[in-house]
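For reference, the sequence and a predicted model appear below.
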Amino acid sequence: MTTQTPPASGLLVVAVDRLPAWIVPAYGATWVAMPALDALAARGMVFDRVITTTDDAGATLRDLLGADGAEVVRAAAARGWPAALVTDDATATVAGADTIRVAAGPKAAPEHDADATCLARLFTAAHDVVAAGGHRLVIVHATSLGTCWDAPAEFRDAYVDADDPPPPPGAEVPDFDVAADADPDLLVGIRQAYAGQLTLIDRCLGRVIAAAEAAGWTVLVTGLRGLALGLHGHVGQGGAAPFGELVHVPAIIADPAGGMAGQRFGGLVVPADLGATLAEIVGGAVPKAGDAPWHGMSVAGLFAAWIAPRRDRVVAVARGGVAIATPAWHCVAERSRVRLFAKPDDYFELCDVADRCPDVVDELAAVAAATAAGDGSRAWRATLSEPAVSGTG
């Protein structure tokens, strides 16, 4: 074993589609209640800047499970840990893992009983799998945040002030472009409804985490991609550009030994890095890294000596454009416009500074253009200047 990886008797991986970092309390959203996830963050390590390389949630899930989407499962099998995938996706599979599928789909109205919601049924199934003890690697894959907001009314109403209009009714997830004259109360109401879903998922998640930790398991909770909620002209899933609301996702790892509890890692991380990290934690040896910078690099060394490889960029490709994230910047290149946002100061990417930093914009836009032209290798390997990486120089 090349690093002092946390001892564990199992691994729980919770991968939630349409969960962005910006609205999670551990990432600064103090108005949203997610006490179970807050407690996990206090016991574990928070990765501040996980950037997905794509808006394809299936591809991100494969990255999260290591090289070719099964490295973590193979490492678990080598230790005699049977694996299970608990999912509400009708087609998702993980090689080498038993599949427990829980049906979920659109609904016309919220449920009256929280236990009848899509999220509750999924996480009840996951809890039962963990508690049964027949599997020692359990992957929970939740997708209903993007398809069904069926939390009972009291969940969304908890975020409504006395003077606020009621949130939009129904359980359908909205999807529309935000017009210049859009009613701001509508956007607030949509975010309140979404926050209710987060409180619901937190309640469901708490039982599963408790069961896993009682058995001495390591736990990872992460997002697969975010969801546009009107920060940049769109609400919903359709064709959003790769702003942070889409590609910046939360990730929290807690190990049973309490290693680095309450710590935060601010370096750039991609889901494949988390996959390589899990493979090392489970298998006890550093997985062989590929020769390409987009391949996963384990950061398990953080638990032993606060040592991890440092990335100078992440290239993210979405239907709505290309983003280049560096330690100092988040550059979004759409078809007709390039925008630049300073990090970490402009957390919500609301202040475009492209006209003040033309050299940085030109440099990062060229990298984005190479990506759009299909030359991903150049985009990940091209030398970047110090101003483009760190904002100094």
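Received, thanks.

isn't residue 193 right up against residue 156?
Yes: with contact defined as CB atoms under 8 Å, residue 193 counts as touching residue 156 (4.6 Å). All C-beta spots, glycine's among them, are computed from the backbone N, C-alpha and C.

just for the protein, where's the confidence low?
With pLDDT under 70 as the threshold, the chain has low-confidence stretches at 1-7, 288-290, 393.

Stretch 255-274: how far from the chain's middle?
Mean-position distance between stretch 255-274 and its chain equals 13 Å (CA atoms, centre = their mean, to the nearest Å).

do the same with stretch 263-276
Relative to its chain's centre, stretch 263-276 lies at 11 Å (CA atoms, centre = their mean).

next one: stretch 385-392
Centre-to-centre, stretch 385-392 and its host chain are 26 Å apart (CA atoms, centre = their mean).

Please identify every residue contacting each of residue 193 and residue 156.
Common neighbours of residue 193 and residue 156 (criterion: CB atoms under 8 Å, 6 or more residues apart in numbering): residue 167.

Show me the strands in the stretch 51-200 of the chain, by range?
For the stretch 51-200 of the chain, strands defined by DSSP state E, counting those that start in this stretch occupy the ranges 83-87, 98-101, 137-142, 176-177.

Count the neighbours of the spatially closest residue to residue 391 that is not a sequence neighbour for me.
Spatially, and ignoring its direct neighbours in sequence, residue 391 is nearest to residue 328 (3.3 Å; CB to CB, 6 or more residues apart in numbering). Using other CB atoms under 10 Å, residue 328 has 19 neighbouring residues.

Phi, psi for the nearest residue to residue 186 once chain neighbours are set aside please.
Spatial nearest neighbour of residue 186, chain neighbours left out: residue 168 (7.0 Å); criterion: CB to CB, 6+ apart. When read as degrees, to the nearest 10, the backbone of residue 168 gives phi -60, psi 140.

and the closest residue to residue 70 other than its chain neighbours, how many neighbours?
Spatial nearest neighbour of residue 70, excluding adjacent residues (CB to CB, 6+ apart): residue 95 at 4.3 Å. Number of residues near residue 95 (other CB under 10 Å) recorded here: 13.

and residue 95, what does it touch?
69-70, 73.

wait, which of these is closest to residue 214?
Using CB to CB, residue 73 is the member of those that lies nearest residue 214, at 23.1 Å.

Count the neighbours of the closest one for me.
Counted with other CB under 10 Å, residues neighbouring residue 73 total 23.

counting contacts, what elements does the helix or strand hosting residue 277 pack onto?
Taking DSSP states H and E as the definition, residue 277 sits inside helix 271-283. When contacts are defined as 3 or more CB pairs under 8 Å, 6 or more residues apart in numbering; DSSP states H and E, helix 271-283 packs onto strand 11-17, strand 45-51, helix 57-64, helix 71-78, strand 218-225, strand 251-254.

need those in TSV with distance to residue 210, can you?
Shown next, in TSV, are these (distance: least, CB to CB, whole Å):
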stretch	distance to residue 210
strand 11-17	11
strand 45-51	19
helix 57-64	22
helix 71-78	21
strand 218-225	10
strand 251-254	12
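
Residue 133 is nearest to which of these?
strand 11-17 (12.8 Å).

Can you tell me the centre-most residue of the chain?
Centroid check for the chain by CA atoms, centre = their mean gives residue 223 as the closest residue, at 2.1 Å.

Show me where the stretch 151-300 of the chain has its helices.
Using DSSP state H, counting those that start in this stretch, the helices found in the stretch 151-300 of the chain span residues 153-157, 184-214, 244-247, 271-283.

what sits up against the first one?
Yep, that's helix 153-157 we're talking about. 110, 114, 166-167, 192-193, 195-197, 199-200.

Please repeat the previous calculation with a cut-off of 6 Å.
Residues outside helix 153-157 that contact it (CB atoms under 6 Å, 6 or more residues apart in numbering) are 110, 167, 192-193, 196, 199-200.

And for the third one?
Among residues not part of helix 244-247, those counted as contacts by CB under 6 Å, 6+ apart are 20, 51-52, 226, 228, 231, 240, 316, 349.

Would you mind measuring from the residue sitting furthest away from the middle of the chain to residue 189?
What lies farthest from the middle of the chain is residue 163; by CA atoms, centre = their mean that is 33.1 Å. Using CB to CB, to the nearest Å, one gets 13 Å for the distance from residue 163 to residue 189.

rewinding a little: mind checking what helix or strand follows the helix holding residue 277 in sequence?
By DSSP H and E, the next helix or strand past helix 271-283 is helix 301-305.

on that earlier part again, mind putting the contacts of helix 244-247 in a markdown table, distance to residue 137 included?
Formatted as a markdown table, the contacts of helix 244-247 follow (distance: CB to CB, whole Å):
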| residue | distance to residue 137 |
| --- | --- |
| 20 | 26 |
| 51 | 25 |
| 52 | 22 |
| 226 | 26 |
| 228 | 32 |
| 231 | 36 |
| 240 | 32 |
| 316 | 28 |
| 349 | 36 |
